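[1] coordinates only, sequence not included:
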């Protein structure tokens, strides 16, 4: 189920990366439970209120181990360069946010080979500069993710319900397609019958007209 969650969130990230997709930006909270030995997506999304305004953003990630007070910086991203800043995360962090533009709205990162030592608080800080007509405006966005690491993924009730609803939607869509096909078939069949009926009526009327003409000649 953890992999399903990561896949769904990753799919959402992919949609947001698509051209002009920022107009549909949605601030989805990150998942908070990772499985030891697997990869985990730390989500961090901050949507701009006005898409037409140009902006430049850099992203920093910090980590505070459980029962410790201070944060240490572990990652920095400023288009186009991601930088891992802590030896404990060397080779394990991968940028999975907005690419190809300095206007970053998704600051997500992947942690590969999660360990129990990764339990704690991850902090995403986005420093955004808005280039407004009257000058620059600086905005700081901070999002915390309280991560817990478990040996085996737990199937949460909401995840089970979401999975059931997914299958229900698939079945409903299939039934809807069948009903549409039946409706279209009946409509085409009815139109064909009506067309044949009009042809028969037209042929019958022509026969009556021909008979009247013959009767007129006979009377003369």
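    Here it is on my side, so go on. Everything numeric in this text was worked out from a predicted model, so none of it was measured.
[2] pLDDT weak spots in this structure?
    Across the chain, the ranges flagged by pLDDT under 70 are 1-24, 155-160, 208-220.
[3] make it 50
    Across the chain, the ranges flagged by pLDDT under 50 are 1-23, 218-220.
[4] residue ranges of the helices in it, please?
    If you assign secondary structure with DSSP state H, the helices in the chain sit at 2-17, 157-219.
[5] now do the buried residues in stretch 32-50.
    By neighbour count on 16 or more other CB atoms under 10 Å, the buried set for stretch 32-50 is 33-36, 39-46, 48. The way it works is simple: take the backbone N, C-alpha and C, and place the C-beta from them, glycine included.
[6] can you pull the domain assignment for this structure?
    In terms of domains, the chain is parsed into 2-153, 155-220 (source: automatic domain parsing).
[7] deepest of those domains, which one?
    Of the domains of the chain, the one with the most neighbours on average (mean count of other CB atoms under 10 Å) is domain 2-153, at a mean of 16.
[8] distance from that one to the middle of the chain?
    Averaged C-alpha coordinates place domain 2-153 at 16 Å from its chain's average position (CA atoms, centre = their mean, to the nearest Å).
[9] before we move on, what about stretch 187-207?
    Counting by CA atoms, centre = their mean, stretch 187-207 is centred 51 Å from the centre of its parent chain.
[10] mind checking which of the buried residues of stretch 32-50 are in strands?
    With DSSP state E as the criterion, strands contain 33-35, 40-42 from among the buried residues of stretch 32-50.
[11] quick check, nearest of these to residue 161?
    Residue 161 lies nearest to residue 33 out of those, by CB to CB, at 16.9 Å.
[12] list the contacts of the closest residue to that closest one other than its chain neighbours.
    Counting by CB to CB, 6 or more residues apart in numbering, residue 148 is the residue found nearest to residue 33 once chain neighbours are left out, at 5.5 Å. By CB atoms under 8 Å, 6 or more residues apart in numbering, the contact list for residue 148 reads 32-34, 119.
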